[in-house]
Each structure stands twice: as structure tokens, then as C-alpha cells.
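**Student:** Give the three-dimensional model of this entry:
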Amino acid sequence: MKPEAFIKDYETALSTQNWKNVAPLIHENANVIFSNGDVHIGKKNIKKAFEHNFSLIKNEEYTIKNARWIFKKETTAMYVFDFFWKGIINEKSVEGKGIGTCVLIKEQDMWILLSEHLGKK
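**Tutor:** Just a heads-up that it's a prediction; the model follows:
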């Protein structure tokens, strides 16, 4: 599997709004920083944050575009990307966008997220 496949798999897993689909793509020691500045370290904390978002944002559509690879080697890769989301919060349509940086590592022939930092554009 090439690291490019991770992007589609991650996007698809997030769009299900089900942690069971996202979990296999996250490293145990991963960290995620949301665009509001919240930092989530470790898979257990990331799970809590993602499940909170899944419960808050109904019918969310999450899209990753314009991936630009900064670094790609046999077991490590890094890319920057634009992200877009839309959904329903408290019965109102909402949407957002930003820019992100993602670091991947390859374990057992599978690319998984080690670090993701989402920011405002």
C-alpha cells in the first residue's frame, strides 16, 4: 500500500462517523491538534475527541483536497492538505475549512496516522 491510499481510507472512515472505522488508522501514540487549538495525545484521547465530534456534528461530510507530499520514504511520510467539512449542529447547517499537516508511519504493511495538526486558513 502506498501512503496516498491512506488519505482516501482516512477520509472514508471519518465520513462514517464511527470510531471503529477510524481506529485502525490511528497509531497508539498519535497526537491530533484541532483547528481550535485542542490537543489530543494518545489513541484513547483521540477517540474521545472524535466521538465527541461525531455526536455533535450530524451528517458530517469531510473532504481532503490538494495533498502536497513533503516527505515520502519506505516507512514514513508527511503531507500538507486542505480540508473541508460540513454538517448539522443543533439543527443548523454549518461548514468549515482549513489546512492540515499529517505525519504517517508504516506498520505491518499499513500506513497509519502518527500526527495531525489542523489549522485555520
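**Student:** Bridging across strands, which residues link to the residue nearest to residue 102 when sequence neighbours are not counted?
**Tutor:** Nearest residue to residue 102 in three dimensions, chain neighbours excluded: residue 116, at 4.9 Å (Cβ to Cβ, 6 or more residues apart in numbering). For every residue, glycine as well, the C-beta is placed using N, CA and C. Here residue 116 sits in beta bridges with residue 32, residue 102, as judged by DSSP bridges.
**Student:** need the contact list for residue 116.
**Tutor:** Neighbouring residues of residue 116 by Cβ atoms under 8 Å, 6 or more residues apart in numbering: 30-33, 100-103.
**Student:** Is it possible to mark the buried ones in those residues?
**Tutor:** 30-33, 100, 102-103 (16 or more other Cβ atoms under 10 Å).
**Student:** Average pLDDT for whichever helix or strand residue 82 is part of, rounded please.
**Tutor:** Taking DSSP states H and E as the definition, residue 82 sits inside strand 76-89. Averaging pLDDT along strand 76-89 yields 96.
**Student:** Could you name the helices and strands sitting against it?
**Tutor:** If you count contacts as 3 or more Cβ pairs under 8 Å, 6 or more residues apart in numbering; DSSP states H and E, strand 76-89 packs onto helix 3-15, strand 58-72, strand 92-107.
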